[in-house]
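**Q** task: produce atomic coordinates for the following.
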Amino acid sequence: MPTPSIADIPDLWERMVRAVQKVEERLLRSTATLEAAGIPYAVIGGNAVAAWVATIDEGAVRNTRDVDILIRREDLPRAIAAMDGAGWDYAHVNQVDLFVERPDGKPSQGVHLLFAGEKVKDTDPVPAPDTSEAEQGRRFKVLNVEALVRMKLVAFRRKDQVHLQDMTRLGLIDASWPDKYPQVLAARLREILADPDG
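**A** Numbers count the residues shown, from 1 in each chain. Okay, the predicted model is just below:
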């Protein structure tokens, strides 16, 4: 399939803006639903990084297409019921638990769940944090920086490394931080600290 020309898409700017707005809407709707149901949760992933980065420099915030939320597995049935009432279907796709908006949402645009105290992969050196490691923001709860960095060090994909570099350049992480983590994670963080510009 040939690459489309930018000139062929008259509403390109509006589409770009709308893509960001849709992620924000999913984030706010899903967290408001969990809040209303009294379900402990924490925003994680790219949105959590963006929230912490914005406390220092809003111009350094990176957009993300994902909404990732941490909950406790024992709260999953209540979360499913609450989200169903707010117009979301529960699904398990490619070993990922998620909520997809009705009527025509896509799993790639869903709310992805991770479970507190559980490893995402069996080979992970430590499990995911608990929801108690969250801080209440004005509109939703966000995983605290120490726990968020731990999750990013465990995953350590390229995008996680970029997020850690951003947080390092802004002073959210410094040379004292490796001591907070097990040796395998500390080594990864020292790698980031040694070259925060990648």
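**Q** L28 contacts R139, doesn't it?
**A** Yes - L28 is within contact range of R139, at 6.4 Å (criterion: C-beta atoms under 8 Å). Just so you know, the C-beta spots here come from the backbone N, C-alpha and C atoms, and that holds for glycine as well.
**Q** now do R65: how many residues are near it, please.
**A** Neighbour count of R65, defined by other C-beta atoms under 10 Å: 12.
**Q** P129 too?
**A** Neighbours around P129, by other C-beta under 10 Å: 22.
**Q** contact partners for it?
**A** Going by C-beta atoms under 8 Å, 6 or more residues apart in numbering, P129 touches 42, 70, 116-117, 143, 147, 150-151.
**Q** what about it, distance to T31?
**A** Applying C-beta to C-beta, to the nearest Å, the value for P129 to T31 is 17 Å.
**Q** then G85?
**A** Relative to T31, G85 is positioned 15 Å away (C-beta to C-beta).
**Q** neighbour count winner among those two?
**A** More crowded of G85 and T31, by other C-beta under 10 Å: T31, with 23 against 11.
**Q** now for the longest helix along the chain, which elements pack on it?
**A** Longest helix in the chain, counting residues (DSSP state H): helix 12-36. The contact analysis (3 or more C-beta pairs under 8 Å, 6 or more residues apart in numbering; DSSP states H and E) places helix 12-36 against strand 41-44, strand 67-71, helix 76-85.
**Q** which is the next helix or strand following the longest one?
**A** From helix 76-85 onward toward the C-terminus, using DSSP states H and E, the following helix or strand is strand 88-93.
**Q** excluding chain neighbours, give the residue nearest to the residue nearest the centre of the chain in space.
**A** Nearest to the mean C-alpha position of the chain, counting by C-alpha atoms, centre = their mean, stands G45 at 1.9 Å. Of all residues beyond its chain neighbours, the one nearest G45 is D68 (3.2 Å), with distances taken as C-beta to C-beta, 6 or more residues apart in numbering.
**Q** got a list of what that neighbour touches?
**A** Taking C-beta under 8 Å, 6+ apart, we find D68 in contact with 43-48, 111-114.
**Q** S108 now?
**A** Contacts for S108 (C-beta under 8 Å, 6+ apart) come out as R65.
**Q** and Q165, what element?
**A** helix 158-169.
**Q** show residues contacting that helix.
**A** Here helix 158-169 makes contact (C-beta under 8 Å, 6+ apart) with 46, 49, 52-53, 60, 62, 145, 149, 152-153, 173-174, 189, 192-193, 196-198.
**Q** for ChimeraX, write the select line for the buried members of those.
**A** Listed next is the ChimeraX selection for buried residues among the contacts of helix 158-169, using 16 or more other C-beta atoms under 10 Å:
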select :46,49,52,53,145,149,152,153,173,189,192,193
